[in-house]
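Novice: Give me the fold of what follows.
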Amino acid sequence: MRWRNWAGNQRAAGIEVRRPRGTGEIATVLHEATVAGRRVRPIGSGHSFSGIGRPEQVQLVLDRHADLVDITPDGLVTVQAGMTLHRLNGVLAREGWALTNLGDIDRQTVAGALSTGTHGTGAAFGGLATQVRALQLVTADGTVLDCSADQHPDVFSAARLGLGALGVLSTVTLQAVPAFALAMVEQPMPLAEVLADLDGFMTSADHVEFHWFGHTTTCLTKRNTRVPLSEGLTPLPRWQALWEDEVLANAAYAGVIAAGRAVPALVPPLARFASTALSPRSATDLSHRVFVSTRRFRFRECEYAVPRDAVPDLLRELGRLTELRGWRLPIPTEVRYAAADDVPLSTAQGRDTAYVAVHVPARSDPTDVFATFEGLAGEVGGRPHWGKEHGLDAAVLAQRYPRFGEFVAVRDRLDPAGTLSNAYLERVLGAPAGPR
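Specialist: Numbers count the residues shown, from 1 in each chain. Here you go, the predicted model:
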């Protein structure tokens, strides 16, 4: 069996694929693999750009373990871990609930999104892991652990963002909130104006982000304010959504990427043209419809979590180096905010955070761009998104995460033989402790 991720930069061949139904079958697969000395990697939608999901021998796919388990009257929603966020958002909306914050992609599975540290934007809001209230974890020897703040609290704390290294998530319980709408305002702005008072801008609404067009001085800003459903919805007209989100935001980008591949010198003028083609727009719609964007063109991504006050200088230096090195970057750089949290391997652990994400087309070589950006982020203590490309190892990451040792100790206890490990996890966490 062959496998490749969404971007096509991670591939594997000659692997065995297992599709269990239910917790018992997951436990059997893991127990058998541990006894046989084989390695198993769970995989969600394959949307990670890093090697976190790359299988070496056995790949565990949870598409047959993807149902709703329960929704309580107080909004605790329990799902099997293979359910996608896209399906979950639909289920919650029908029942009058919503997730309090989301990233801009919803095709990941719940397990995959949690395990890689998926987050959205909002200065007062944490990532998806902060919404977890309980989880069921199947460990490498087939043991099933029901975990929460009261049961196996050390495992629960770490497994909310577990990299798939502690066990396989079977079910997850998330705290939903009553369904709400977002009043969306999008408009182009000069980058210098945004950076002049970055904190003021990024806290000017509940959920704020901006996309800076490389080779230009312009960015597209997005400000979303939470409003009750009782105020009514005024979504974009269908024709406008199709034109702007499908034609301009997808087909046009795909065209710029294709033109840049054929004639790299076209990228800067095309980026400048794209930035001038933007026009302000506003609408109010259900939260998940505003949070999520469609991405039909393929790309590779490197994202770092940095202190908020580091962003202006980081972007200015990135712009200077883009011109100096002659890079051609047809896809905008994205900036988001998140609140500090207490999840050991969260990129926002212990500090209010800004995220800066750099993109290149899927079939291009990102080595120089990503390595340079990684160096700039490293100078300010940046932490790489676990599901996106980076070159750091356990020795460096242990210095960036105060609770790194705590996580590794839980991993060594639950999977000493490394049944759930792969080359990526051995690089970022170190080799497992070995059987005891």
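
Novice: what about the residue nearest to the spatial centre of the chain, distance to Y355?
Specialist: The chain has T118 as the residue nearest its centroid, 3.2 Å off, counting by Cα atoms, centre = their mean. For T118, the distance to Y355 (Cβ to Cβ, to the nearest Å) stands at 11 Å. Using the backbone N, CA and C atoms, a C-beta is placed for each residue, glycine as well.

Novice: what do you get for A123?
Specialist: 12 Å.

Novice: How about F210?
Specialist: According to Cβ to Cβ, F210 and Y355 sit 12 Å apart.

Novice: Name the residues contacting each of the two.
Specialist: Common neighbours of F210 and Y355, using Cβ atoms under 8 Å, 6 or more residues apart in numbering, are 334-335.

Novice: hmm, back to that, what about A123 and Y355, which has more around it?
Specialist: Y355 (24 against 20; other Cβ atoms under 10 Å).

Novice: Helix or strand: which one has the more buried one?
Specialist: Using DSSP states H and E, Y355 maps to strand 353-361.

Novice: just checking, what packs against that strand?
Specialist: helix 252-262, strand 299-307, helix 311-325, strand 333-338, helix 367-378 (3 or more Cβ pairs under 8 Å, 6 or more residues apart in numbering; DSSP states H and E).

Novice: how does it look with 6 Å?
Specialist: Applying 3 or more Cβ pairs under 6 Å, 6 or more residues apart in numbering; DSSP states H and E, we find strand 353-361 packed against strand 299-307, strand 333-338.

Novice: Point out the most buried one among the ones you listed.
Specialist: strand 333-338 (a mean of 25; mean count of other Cβ atoms under 10 Å).

Novice: so what secondary structure elements neighbour it?
Specialist: strand 207-212, strand 353-361.

Novice: which stretch among the helices and strands packed on strand 353-361 comes nearest E186?
Specialist: Proximity to E186 (Cβ to Cβ) singles out strand 333-338 among the helices and strands packed on strand 353-361, at 13.6 Å.

Novice: Give me the contacts around the helix or strand containing T284.
Specialist: Element membership of T284, judged by DSSP H and E, is strand 281-286. Under the contact criterion Cβ atoms under 6 Å, 6 or more residues apart in numbering, strand 281-286 has outside partners 181, 183-186, 233-236.

Novice: would you say S421 is within a helix?
Specialist: No: counting by DSSP: H, G, I helix; E, B strand; the rest coil, S421 is not part of a helix but coil.

Novice: thought M202 was touching V208?
Specialist: Yes: counting by Cβ atoms under 6 Å, V208 is a contact partner of M202 at 4.8 Å.

Novice: all strands for the stretch 101-250 of the chain, in order.
Specialist: Listed in chain order, the strands of the stretch 101-250 of the chain (DSSP state E, counting those that start in this stretch) span 132-138, 144-148, 168-175, 177-178, 181-190, 207-212, 218-227.

Novice: Below-threshold pLDDT in the chain: ranges please.
Specialist: Scanning the chain with the threshold set as pLDDT under 70 gives 243, 247-248, 250-252, 277, 435-436.

Novice: in stretch 145-154, what counts as buried?
Specialist: Within stretch 145-154, the residues that count as buried by 16 or more other Cβ atoms under 10 Å are 145, 147, 152.

Novice: what do you get for stretch 52-71?
Specialist: Quick answer for stretch 52-71 (16+ other Cβ under 10 Å): 52-55, 57-62, 65-66, 71.

Novice: contacts for the host helix or strand of T28?
Specialist: Assigned by DSSP H and E, T28 belongs to helix 22-36. Helix 22-36 is contacted from outside by 18, 20, 40, 58, 138, 140-142, 144, 168, 170, 419, using Cβ under 6 Å, 6+ apart.

Novice: Ok, stretch 203-222 next?
Specialist: Counting by Cβ under 6 Å, 6+ apart, residues outside stretch 203-222 touching it are 121-123, 186-191, 194, 202, 223-226, 268, 271-272, 275, 278, 322, 329, 332-336.

Novice: Beyond the strand holding T284, next helix or strand please.
Specialist: The C-terminal neighbour of strand 281-286 among helices and strands, as given by DSSP H and E, is helix 287-291.

Novice: which other helices and strands contact that following helix?
Specialist: Under the contact criterion of 3+ Cβ pairs under 6 Å, 6+ apart, helix 287-291 touches strand 181-190.

Novice: what's the angle from the strand it packs on to strand 281-286?
Specialist: With axes from the mean of the first three to the mean of the last three Cα atoms, to 10 degrees defining the directions, strand 181-190 sits at 150 degrees from strand 281-286.

Novice: Give me the buried positions along strand 181-190.
Specialist: For strand 181-190, the neighbour count (16+ other Cβ under 10 Å) marks 181-186, 188 as buried.

Novice: Not counting sequence-adjacent ones, nearest residue to F201?
Specialist: V194 (5.3 Å; Cβ to Cβ, 6 or more residues apart in numbering).

Novice: centre of the chain versus the strand holding T284, how much separation?
Specialist: 24 Å (Cα atoms, centre = their mean, to the nearest Å).

Novice: Report how many residues lie close to R21.
Specialist: By other Cβ under 10 Å, 15 other residues sit near R21.

Novice: how about the nearest residue to it, chain neighbours excluded?
Specialist: Nearest residue to R21 in three dimensions, chain neighbours excluded: R64, at 4.7 Å (Cβ to Cβ, 6+ apart).

Novice: Need the three-state assignment for that neighbour.
Specialist: coil.

Novice: measure it to G90 for me?
Specialist: 19 Å.

Novice: Same check on V343?
Specialist: Distance from V343 to G90, by Cβ to Cβ: 27 Å.

Novice: Next: W239.
Specialist: W239 is 24 Å from G90, by Cβ to Cβ.

Novice: more crowded one of the two?
Specialist: G90 (13 against 8).

Novice: what residues are up against Q175?
Specialist: Taking Cβ under 6 Å, 6+ apart, one finds 131, 133 in contact with Q175.

Novice: now do 10 Å
Specialist: 74-77, 97, 99-100, 130-134 (Cβ atoms under 10 Å, 6 or more residues apart in numbering).

Novice: Run through the bridge partners of V17.
Specialist: Counting by DSSP bridges, V17 forms beta bridges with Q59.

Novice: Do I have it right that it meets L62?
Specialist: No: contact criterion Cβ atoms under 10 Å: V17 and L62 do not qualify, at 11.5 Å.
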